[in-house]
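A.B. asks: The following comprises the amino acid sequence and a computationally predicted model.
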Amino acid sequence: MSEAWFTWHLAPDGDPEDGCDPQEAAALKDYIHSTTITPETTARAITLAVTNEPKTVRKGQSSDNLYRLWSLSIDALTDLPEHRPKIIRLVQAIQTLPASYRKEGEAQEKQLRWADLPNFGSLWSDSKVSNNWRSNVRKWAPEQREGIRQDYIKQASIDAQLVVAAVSGISISWGLGCICDALERSDAVPDFEVPAAKEWLENTSDRIFEESDREMTGYLRERDLWRQEEGGRKQRWDFWKGRLQSMAESEELGLETRQAAKKAVEAMKAVAK
């Protein structure tokens with residue numbers, strides 16, 4: 001891992017006022033480089049700055065130290081794929097810490113429930129590819145499009161791994177929405193959405209199957225290729241599998257999309273129904 005990655009997070013764009021706490025960066029670096037430091041030990045070390053230091057005023061605005069810890073953790077998840085399993089275990093360990101009292105000022109304290117990972121899920125969601133990507137996809141130059149496509153697929157993979165790890169604030173509903181958009185919309189963008197759906201199905205297929213007959217609202221709302229009256233969970237599952245099988249065999253789609261569709265079908269076949 002590059003030392004520059006940690007240096008940048010201590011002072012993004014050369015400004016230390018925007019960086020994470022040095023204790024946080026040091027704890028994460030020691031943990032990643034070590035084969036003996038446990039997630040539990042690192043969880044205690046990396047959260048010290050949040051619990052021991054009050055919110056400060058930076059550039060005339062209140063700076064939330066918890067926000068900066070989560071930003072460091074999220075960037076590590078996205079930027080350091082070779083260490084992603086260790087980082088997920090660290091987030092899990094932070095979640096098991098007992099509630100503590102966080103300084104809000106000289107004479108004020110507020111309970112911080114680490115089990116809730118407050119605002120972690122919201123911040124992770126905000127960092128993802130914008131929801132309006134579909135309307136912009138035809139406007140992008142090929143290099144920009146490919147970069148955003150890779151980010152979209154990577155984020156789906158991390159989402160699914162965080163759900164498996166039971167990280168607070170990350171919902172299986174995101175996977176349902178991803179799969180429904182990929183397979184139930186006639187305007188789906190296959191090279192974006194089929195590999196992303198594959199990530200969810202490979203990691204969480206049992207959970208997806210269990211949740212796929214929820215009331216048809218929210219992430220499971222009707223799209224133009226699937227109607228509620230067409231059946232329940234098994235019928236919807238079989239519809240998804242049929243769509244993926246057709247995509248796996250379609251010469252109109254690129255090789256990566258066809259391979260992703262094939263792997264997704266294999267993951268679905270492994271689910272007991």
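C.D. replies: Good, I have the coordinates. Numbers count the residues shown, from 1 in each chain.
A.B. asks: can you pull the contacts of the closest residue to Ser186 other than its chain neighbours?
C.D. replies: Once flanking residues are discounted, Ser186 sits nearest to Asp224: 5.3 Å by Cβ to Cβ, 6 or more residues apart in numbering. C-betas here are computed from N, CA, C, even on glycine. With contacts defined as Cβ atoms under 8 Å, 6 or more residues apart in numbering, Asp224 is in contact with 184-186.
A.B. asks: Kindly indicate the member of those residues with the most neighbours.
C.D. replies: Greatest neighbour count in the contacts of Asp224, by other Cβ atoms under 10 Å, goes to Glu184: 20 neighbours.
A.B. asks: give the contact list for it.
C.D. replies: By Cβ under 8 Å, 6+ apart, Glu184 lies in contact with 222-226, 239.
A.B. asks: Of these - the most surrounded one?
C.D. replies: Highest neighbour count within the contacts of Glu184, by other Cβ under 10 Å: Trp226, with 19 neighbours.
A.B. asks: And the pLDDT at that residue?
C.D. replies: The model reports Trp226 with a pLDDT of 82.
A.B. asks: Dump the contacts of Glu184 to JSON lines, plus secondary structure and distance to Lys263.
C.D. replies: Output for those, formatted as JSON lines (DSSP: H, G, I helix; E, B strand; the rest coil; distance: Cβ to Cβ, whole Å):
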{"residue": "Glu222", "secondary structure": "coil", "distance to Lys263": "27"}
{"residue": "Arg223", "secondary structure": "strand", "distance to Lys263": "23"}
{"residue": "Asp224", "secondary structure": "coil", "distance to Lys263": "26"}
{"residue": "Leu225", "secondary structure": "coil", "distance to Lys263": "21"}
{"residue": "Trp226", "secondary structure": "strand", "distance to Lys263": "22"}
{"residue": "Phe239", "secondary structure": "helix", "distance to Lys263": "18"}
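A.B. asks: Going along the chain, name the helices of this structure.
C.D. replies: Assigned by DSSP state H, the helices in the chain fall at 3-10, 22-33, 39-46, 48-52, 65-79, 84-95, 120-126, 133-136, 142-164, 172-184, 190-211, 233-248, 255-269.
A.B. asks: Packing partners of the third one?
C.D. replies: Spelled out, that is helix 39-46. Identification of packing neighbours for helix 39-46 by 3 or more Cβ pairs under 8 Å, 6 or more residues apart in numbering; DSSP states H and E yields helix 22-33, helix 84-95.
A.B. asks: what's the answer for the fourth one, then?
C.D. replies: Helix 48-52 is packed against helix 22-33, helix 65-79, strand 100-103, with contacts defined by 3+ Cβ pairs under 8 Å, 6+ apart.
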